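J.: return a 3D structure for these sequence lines:
(4 chains)
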4 protein chains.
Amino acid sequence: MAEHPQTSLDEHSERAADEVVLATSRLEAFSDGVFAIAITLLVLDLVIGPGARGHLLRAMADLWPSYLAYATSFFMIGLVWMGHHVMVSISTGVDRRLMKINLALLFAVAFLPFPTRLLGEFITSSAAERVAAVFYGFWMLLISVILTAMWRYISNGHRLLPDDFRQARIDHIARYFQPNIGLYGFAIALAFILPRVAAALFLIIAVVGFIRVA
Amino acid sequence: MAEHPQTSLDEHSERAADEVVLATSRLEAFSDGVFAIAITLLVLDLVIGPGARGHLLRAMADLWPSYLAYATSFFMIGLVWMGHHVMVSISTGVDRRLMKINLALLFAVAFLPFPTRLLGEFITSSAAERVAAVFYGFWMLLISVILTAMWRYISNGHRLLPDDFRQARIDHIARYFQPNIGLYGFAIALAFILPRVAAALFLIIAVVGFIRVA
Amino acid sequence: MAEHPQTSLDEHSERAADEVVLATSRLEAFSDGVFAIAITLLVLDLVIGPGARGHLLRAMADLWPSYLAYATSFFMIGLVWMGHHVMVSISTGVDRRLMKINLALLFAVAFLPFPTRLLGEFITSSAAERVAAVFYGFWMLLISVILTAMWRYISNGHRLLPDDFRQARIDHIARYFQPNIGLYGFAIALAFILPRVAAALFLIIAVVGFIRVA
Amino acid sequence: MAEHPQTSLDEHSERAADEVVLATSRLEAFSDGVFAIAITLLVLDLVIGPGARGHLLRAMADLWPSYLAYATSFFMIGLVWMGHHVMVSISTGVDRRLMKINLALLFAVAFLPFPTRLLGEFITSSAAERVAAVFYGFWMLLISVILTAMWRYISNGHRLLPDDFRQARIDHIARYFQPNIGLYGFAIALAFILPRVAAALFLIIAVVGFIRVA
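T.: Numbers count the residues shown, from 1 in each chain, chains lettered A, B, ... in the order given. Model prediction:
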């Protein structure tokens, strides 16, 4: 098997003939690509048309909902990226189910620019602000749930962890991702009543979450 | 030759002076880049204009064809990415013809956002739905054909495989890519009669195909 | 710990249980991704509509403010990318605070296409040119400040540098990033009085800065 | 110096204190990122609005200039990517001047979607087709010139090549890039007289160029 040392595929296939498993490094490379692109595409929704010629400063100020949504999603993706790296770098390998959880995470992150755009566009509209804020909050929650599920899958019974990995550290890492979920629930409920306050809370959650993981 | 160990180029050029061959790692990096960008760009076609202010929830619901097209292409690219990785990581090297097949695959994937956009835009229009669905189905088929061709090229007579790679595994991997082609043919035919049912079938094909490879 | 040699995470966590640190290589990969995408997205703002059919050459010439803004941001991101690489490649590792400084840098770079767009759109409008030029200059300054802060953090007391790294080299590298800040201050002040001259100066600063680092 | 083996920076700085040189691997990663993004962004210019509802098939056919421009630029970037890889992987290192030539190449490639868009938009307009075709041809020529200059810089006097690299191979690689320049000159001249024929020739040049390098 020395002919192609850069892949761990054959090794695995010796264990189970139909188990096709991806090298960790390429899982990271592809996921990093999606995260980096999603985080950079967000800026495309910050647009001020030529009509603002006579009052550019006010037009820039009026764009505050888009800045808010931009910053929230930026920190959210930053958080996911770092959490993802921590998990994958600790794990001993990647099996088929982890691949699927990972694609679900990529799906949720790659889709995030859509709720971000809606939040930035409609949070100042009394008719649409509730829908936009609840949808955004729900999507943040979804991302958090997938992150938590990912760590549970990796750590459960040391499934993809080295044998000597201490339980205390497993719980410690789990705590970084878990508590947010309850907070999101509260923020989503708040979005029904006070959508703009909820939007501000989303940003705080993302920033605090990022700082805790970083 | 120890001066530049990161490339396998000179080694090859010793065999055939005019054979310029790419390092596997960089083929993977570039291909991963294209896959990651194509999969993340899809979200740019999910747009709801400020005019939806008064009925955002309905506007979001009305966007279902775009979600459908988005999800189908997302899983399709995910599938290609994983299949691509499996093939390249198994192969012992990359020769000039494989480079060309690979670029054909990148072409087909990088172009996919276009039929995706058409499907999302026109599947609800009685006049245009047939054209959009047939075109999308044809493009899925094309991608599948290239993936199959790629594996055939690699595996034929163990051209780019280690000598001890068992025929059973070659056939096993081939089966992951091959049967879809017949199914696509059926789906494309269906697209002429019932375009929306065909669009739903496209999604199922992509999801099932992804799950099988993952 | 030999099971997963590609990460330096466990090593660090032995030193401090709650210190989650990223592998340098993945910090580079993610940052490079953001830089590469931001630098390539800039071209999306160079648009000439079908209305220019009758006078394309003039329409292309009229786009000069966008070319100017494009080139300035292109060299600016090129400069950041090279400076970033120099710093990270010299440093012995990445700690949590550096991660945060790095995300601040990514934030500033990923956001740059927005002031770039404003500069290209409004530098020819007598009412809006001041705002656009001052904003752009401020954003360039911000990026420079973060770059300087990053090097200070790495080099201060050899925090993240090898022990034998000479002070002369630290000062030498610092000089590449530092003096620009004063110059930016001048350029921003100029933007209040002569916005178009300031815009030309921005380009010169970016090009000279790039050449000095490169 | 064993503390940070992933960089060749210190080694070089021992030779010349103020010479800041980039690791080859990161030059490749960043360049690949730009190439992959530029090649994938091209699809964003293939747009058919909802107005085409009643005649989608014709609208798709009418988009042929955009397909032509898309394909030409796709192969052009594919060619640059492969040529770039060949050169960088052969070279023993990257010095400051090569960094600058490389950024010039990235600039030319990242900007390519703009002339591509113009070609696709205006090649069917009798008033604008000349300008669009000449501009596109000029940009292709520019890219080719930079590629040739890059190889000349690397190979001249074995500047960045191993000592035992044979002259015959240097000339052989040079021939892959060089002759195109004359051809481009002809194609650009043709663009003044028969813009659409020139556009077709551009595609042929790109495809043949790609096949020769691949």
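J.: can you list the residues of chain A near chain D?
T.: residue A:37 (C-beta under 8 Å from any C-beta of the partner chain). C-beta coordinates here come from the backbone N, C-alpha and C atoms, glycine included.
J.: which one is the residue of chain A most remote from its centre nearest to, not counting chain neighbours?
T.: Within chain A, residue A:54 marks the point farthest from the mean C-alpha position, 38.8 Å out by C-alpha atoms, centre = their mean. Leaving aside its sequence neighbours, residue A:54 sits nearest to residue C:127 (C-beta to C-beta, 6 or more residues apart in numbering or on different chains; 5.2 Å).
J.: wait, what's in contact with the one you found?
T.: A:53, A:54, A:55, A:56 (C-beta atoms under 8 Å, 6 or more residues apart in numbering or on different chains).
J.: and the residue farthest from the centre of chain A, helix, strand or coil?
T.: Using DSSP: H, G, I helix; E, B strand; the rest coil, the structure places residue A:54 in helix.
J.: can you redo the contacts of residue C:127 as JSON lines with pLDDT?
T.: Converted to JSON lines, these look like this (pLDDT from 0 to 100):
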{"residue": "A:53", "pLDDT": "86"}
{"residue": "A:54", "pLDDT": "86"}
{"residue": "A:55", "pLDDT": "91"}
{"residue": "A:56", "pLDDT": "94"}
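J.: now those: which count as buried?
T.: A:53, A:56 (16 or more other C-beta atoms under 10 Å in any protein chain shown).
J.: between the contacts of residue C:127, which is nearest residue D:187?
T.: Distances from residue D:187 to those, taken as C-beta to C-beta, are shortest for residue A:53 (40.7 Å).
J.: residue nearest the centroid of chain A?
T.: Most central in chain A (C-alpha atoms, centre = their mean) works out to residue A:80, at 3.9 Å.
J.: do I have it right that it meets residue A:102?
T.: No. If you go by C-beta atoms under 8 Å, residue A:80 and residue A:102 don't touch, sitting 11.3 Å apart.
J.: contacting residues for whichever residue of chain A sits closest to chain B?
T.: For chain A, the nearest residue to chain B under the criterion C-beta to the nearest C-beta is residue A:33, separated by 3.0 Å. Listed by C-beta under 8 Å, 6+ apart, the contact partners of residue A:33 are B:32, B:33, B:35, B:36, B:37, B:40, C:33.
J.: sec struct for residue A:48, please.
T.: On the basis of three-state DSSP, residue A:48 is classed as coil.
J.: pull the contacting residues for it.
T.: Shown in contact with residue A:48 (C-beta under 8 Å, 6+ apart): A:56, A:59, A:60, A:63, C:117, C:118, C:121.
J.: show the contacting residues for residue A:68.
T.: Residue A:68 is in contact with A:119, A:120, A:123, A:199, A:200, A:203, counting by C-beta under 8 Å, 6+ apart.
J.: which of the residues in stretch A:41-61 are buried?
T.: A:41, A:42, A:43, A:44, A:45, A:46, A:48, A:52, A:53, A:56, A:59, A:60.
J.: element containing the residue nearest to the centre of chain A, please.
T.: Element membership of residue A:80 [criterion: DSSP states H and E] is helix A:64-90.
J.: ditto for residue A:196
T.: Here residue A:196 sits within helix A:195-213, counting by DSSP H and E.
J.: which elements pack onto that helix?
T.: With contacts taken as 3 or more C-beta pairs under 8 Å, 6 or more residues apart in numbering or on different chains; DSSP states H and E, helix A:195-213 sits against helix A:64-90, helix A:129-155, helix A:180-193.
J.: right, so those: which one is the most enclosed?
T.: Each of those was scored by mean neighbour count; the highest is helix A:64-90, a mean of 23, by mean count of other C-beta atoms under 10 Å in any protein chain shown.
J.: show me the contacts for the nearest residue to residue A:131 once chain neighbours are set aside.
T.: Spatial nearest neighbour of residue A:131, chain neighbours left out: residue B:56 (4.5 Å); criterion: C-beta to C-beta, 6+ apart. By C-beta under 8 Å, 6+ apart, the contact set of residue B:56 is A:118, A:122, A:125, A:127, A:128, A:131, A:132, B:48.
J.: dump these into a markdown table; add pLDDT as well.
T.: Shown next, in a markdown table, are the contacts of residue B:56 (pLDDT from 0 to 100):
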| residue | pLDDT |
| --- | --- |
| A:118 | 96 |
| A:122 | 94 |
| A:125 | 88 |
| A:127 | 83 |
| A:128 | 92 |
| A:131 | 95 |
| A:132 | 96 |
| B:48 | 92 |
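J.: looking at those, which is nearest chain C?
T.: Nearest to chain C among the contacts of residue B:56 is residue A:118, at 19.0 Å by C-beta to the nearest C-beta.
J.: from residue D:189, how far out is residue A:88?
T.: 55 Å (C-beta to C-beta, to the nearest Å).
J.: count the neighbours of the residue of chain A at minimum distance from chain C for me.
T.: When scored by C-beta to the nearest C-beta, chain A has residue A:36 as its residue closest to chain C, at 3.0 Å. Other residues within reach of residue A:36, judged by other C-beta atoms under 10 Å in any protein chain shown, total 29.
J.: can I assume it is in contact with residue C:40?
T.: No. Residue A:36 lies out of contact with residue C:40 (C-beta under 8 Å); the separation is 11.7 Å.
J.: could you tell me the least trusted of the helices and strands packed on helix A:195-213?
T.: Mean pLDDT per stretch puts helix A:180-193 lowest among the helices and strands packed on helix A:195-213, at a mean of 87.
J.: could you find the closest non-adjacent residue to the residue nearest to the centre of chain A?
T.: residue A:109 (5.8 Å).
J.: quick check, pLDDT for that neighbour.
T.: We have a pLDDT of 97 for residue A:109.
J.: gap between it and residue A:115?
T.: Per C-beta to C-beta, residue A:109 is found 11 Å from residue A:115.
J.: those two: which is more packed in?
T.: Taking neighbours as other C-beta under 10 Å, residue A:109 and residue A:115 compare with residue A:109 leading, 26 against 23.
J.: now that one: which helix or strand?
T.: Secondary structure from DSSP H and E places residue A:109 in helix A:96-111.
J.: moving C-terminal of that helix, what's the next helix or strand?
T.: Following helix A:96-111 in sequence, per DSSP H and E, is helix A:113-122.
J.: report how many residues lie close to residue A:108.
T.: Residue A:108 sits with 18 neighbouring residues when counted by other C-beta under 10 Å.
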